[in-house]
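A.B. asks: need a 3D model of the sequence below.
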Amino acid sequence: MNILRPGQDGYADEVAGFQTSVANTPAVVVAAETAEDVVAAVKYAAEHGLRVAVQATGHGLTEGTDGLLISTRRMTGVEIDAAARTARVGAGVRWGAVIEAAAKHGLAPLSGSSPDVGVVGYTLSGGFGLMARRYGRAADHVRAIDVVTPDGELRTVTPGADLFWALRGGRAGFGVVTALEFGLVPVTELYGGGLYFDTADLPSVLRVWRTWSMTAPDELSTSIALIPLPDLPMLPEPVRGKHVAHVRIAYLGQDGDELVAPLRAAAPVLMDTLKRLPFTESGSIASDPPHPHPYHGTNATVSALNDGMLAAIVEHAGPGAPVDTVLIIDRLGGELARRRVDGAGWDSGAEFVVRALSMVGDDGVETVRGAHGKLFEALAPWSTGRLLPFVYGEHDPAEVAESVFPPADLARLRVIKHRYDPASAFPAV
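C.D. replies: Coordinates of the predicted model:
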């Protein structure tokens with residue numbers, strides 16, 4: 001265990017995360033290597049009255065801390081039980097490591113679009129990934145959780161326990177998770193990639209994708225992203241400098257070309273990357289940016305996507321919008337609508353989730369919030385809530401919790417929170 005304070009060598013590297021718009025200036029950083037290190041760190045924080053935060057990769061960072069930060073990025077053990085179809089991973093493991101390890105046994109995890117994201121943070125937020133319409137959330141498949149609670153006790157919690165319920169979807173307010181055990185699925189490859197369409201075709205492509213996705217089989221997970229691409233030489237020439245519509249496909253069936261034929265006919269295709277690919281290459285479908293940067297994002301689940309909503313999306317997040325925004329619409333439904341295992345918070349009645357993500361520039365996060373506010377105000381009449389995995393850069397965890405959890409779930413979460421963390425040392429719920 002390495003203990004660092006401001007000004008010491010290694011402090012800045014330990015504090016830095018993928019999300020750089022949130023200030024993180026802890027008084028103490030504990031670079032944990034084992035669960036015992038985490039126990040010692042939590043007890044130290046309690047003895048000195050310090051608030052506690054935890055970070056592995058920092059992708060979902062919503063608030064910084066001036067207290068004690070536990071860095072778990074060195075806890076990178078991965079164990080695969082092929083017979084049981086399970087994985088056990090340490091707190092610092094990224095999805096890429098699990099994907100590679102599971103693939104050797106003909107298995108795959110319920111990972112998301114980026115293999116660089118940390119397993120624990122993603123899963124504790126619910127975990128909405130590439131095979132969600134077929135298999136549900138990553139949180140639905142968790143078998144056991146090792147967690148150090150605010151009293152400094154290392155516990156293993158399993159289905160049926162209140163703490164297990166709270167952690168599977170309630171995120172970081174209940175302790176520091178040191179290991180997860182979860183189920184894997186028998187997937188080795190998929191039909192995946194994307195279709196890119198030009199700016200002028202955004203309205204028609206949105207309408208075709210909306211109608212097409214409503215009849216999609218559960219084996220298909222799909223989204224459409226409106227992306228302002230810069231005019232840079234490293235980007236493929238057909239899409240360079242354009243505001244494109246990127247239809248993303250992850251399909252577990254065998255008739256992929258037949259299934260996407262209506263999309264290919266929707267408008268001239270600038271670039272087509274669809275093909276069969278091993279699950280180990282699933283990160284290429286969205287090609288999320290690999291480098292840390294400052295961003296702010298929010299979302300809304302919606303019960304429908306009518307033409308008026310699509311027009312509002314193009315107006316507020318398409319070409320000419322006041323703030324460059326990556327706007328992603330995910331098709332929900334399938335197993336996400338049917339499966340509600342023992343875990344907090346999920347809008348099972350929503351048909352789509354609309355996500356907005358923008359870089360935070362010199363004019364600050366308020367400019368981005370204002371632009372996003374206009375978009376989601378236009379969608380408000382059809383909105384049914386928000387999803388925790390897609391809230392980025394907001395600084396009030398309690399306010400976030402009130403917007404993403406149903407009232408009954410939130411009340412139960414707060415009862416459990418008070419039981420395990422009466423001093424509120426960990427992030428609020």
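
A.B. asks: all strands for the stretch 201-350 of the chain, in order.
C.D. replies: Secondary structure of the stretch 201-350 of the chain by DSSP state E, counting those that start in this stretch: the strands cover 220-228, 243-251, 269-272, 275-278, 295-302, 326-331.

A.B. asks: direction included, what does the fourth one pair up with?
C.D. replies: Sheet pairing for strand 275-278, assigned by DSSP bridges, gives strand 189-197 (antiparallel).

A.B. asks: cool, and the last one?
C.D. replies: Listed by DSSP bridges, the sheet partners of strand 326-331 and their directions read strand 220-228 (antiparallel), strand 352-359 (antiparallel).

A.B. asks: cool, and the third one?
C.D. replies: Sheet neighbours of strand 269-272, with direction, are listed as strand 189-197 (antiparallel) (DSSP bridges).

A.B. asks: wait, which of the strands paired with strand 326-331 is closest to Leu68?
C.D. replies: Shortest distance between Leu68 and the strands paired with strand 326-331, using Cβ to Cβ, is found for strand 352-359: 29.6 Å. Just so you know, the C-beta spots here come from the backbone N, C-alpha and C atoms, and that holds for glycine as well.

A.B. asks: helix, strand or coil: sort out Ala45 for me.
C.D. replies: What DSSP: H, G, I helix; E, B strand; the rest coil gives for Ala45 is helix.

A.B. asks: next up, the contacts around it.
C.D. replies: When contacts are counted by Cβ atoms under 8 Å, 6 or more residues apart in numbering, Ala45 is found next to 51-52, 67-68, 425.

A.B. asks: so which of these sit within strands?
C.D. replies: With DSSP state E as the criterion, strands contain 52, 68 from among those.

A.B. asks: which one of the contacts of Ala45 sits closest to Val247?
C.D. replies: Looking at those and their distance to Val247, the nearest is Val52, at 42.0 Å (Cβ to Cβ).

A.B. asks: how about the closest one, what does it touch?
C.D. replies: Val52 is in contact with 41-42, 45, 65, 67-70, 150, 176, 425-426, counting by Cβ under 8 Å, 6+ apart.

A.B. asks: change it to 10 Å
C.D. replies: Shown in contact with Val52 (Cβ atoms under 10 Å, 6 or more residues apart in numbering): 26, 30, 38, 41-42, 44-46, 65, 67-70, 148, 150, 172, 175-176, 421, 425-427.

A.B. asks: ok, Ala261 next?
C.D. replies: With contact taken as Cβ under 10 Å, 6+ apart, Ala261 is in contact with 212, 255.

A.B. asks: give me the pLDDT value at it.
C.D. replies: You'll see Ala261 listed with a pLDDT of 98.

A.B. asks: quick one: neighbours of the nearest residue to Leu274 once chain neighbours are set aside, just the number.
C.D. replies: Sequence neighbours aside, Gly193 is the residue nearest to Leu274 in space, at 4.1 Å (criterion: Cβ to Cβ, 6 or more residues apart in numbering). The local packing count at Gly193 equals 24, with neighbours defined by other Cβ atoms under 10 Å.

A.B. asks: quick one, what contacts Gly193?
C.D. replies: When the contact criterion is Cβ under 10 Å, 6+ apart, the partners of Gly193 are 247-251, 256, 260, 271-277, 281, 284-287.

A.B. asks: what's across from it in the sheet?
C.D. replies: Assessed by DSSP bridges, Gly193 has beta-bridge partners Ile249.

A.B. asks: quick check: the gap between it and Ala250.
C.D. replies: 9 Å (Cβ to Cβ, to the nearest Å).

A.B. asks: anything in contact with each of the two?
C.D. replies: With the criterion set as Cβ under 10 Å, 6+ apart, the overlap between the contacts of Gly193 and Ala250 is 277, 285-286.

A.B. asks: so which of those residues is the most crowded?
C.D. replies: Neighbour tally across these (other Cβ under 10 Å): the maximum, 22 neighbours, falls on Ile285.

A.B. asks: could you find the closest non-adjacent residue to it?
C.D. replies: Closest residue in space to Ile285, ignoring its immediate chain neighbours: Gly192 at 4.7 Å, by Cβ to Cβ, 6+ apart.

A.B. asks: give me phi/psi at Lys374?
C.D. replies: Recorded main-chain torsions at Lys374 are phi -70, psi -40, according to degrees, to the nearest 10.

A.B. asks: what's the neighbour count on the residue nearest to it when sequence neighbours are not counted?
C.D. replies: What sits nearest to Lys374 in space, not counting adjacent residues and going by Cβ to Cβ, 6+ apart, is His316, at 5.5 Å. Residues near His316, counting by other Cβ under 10 Å, number 23.
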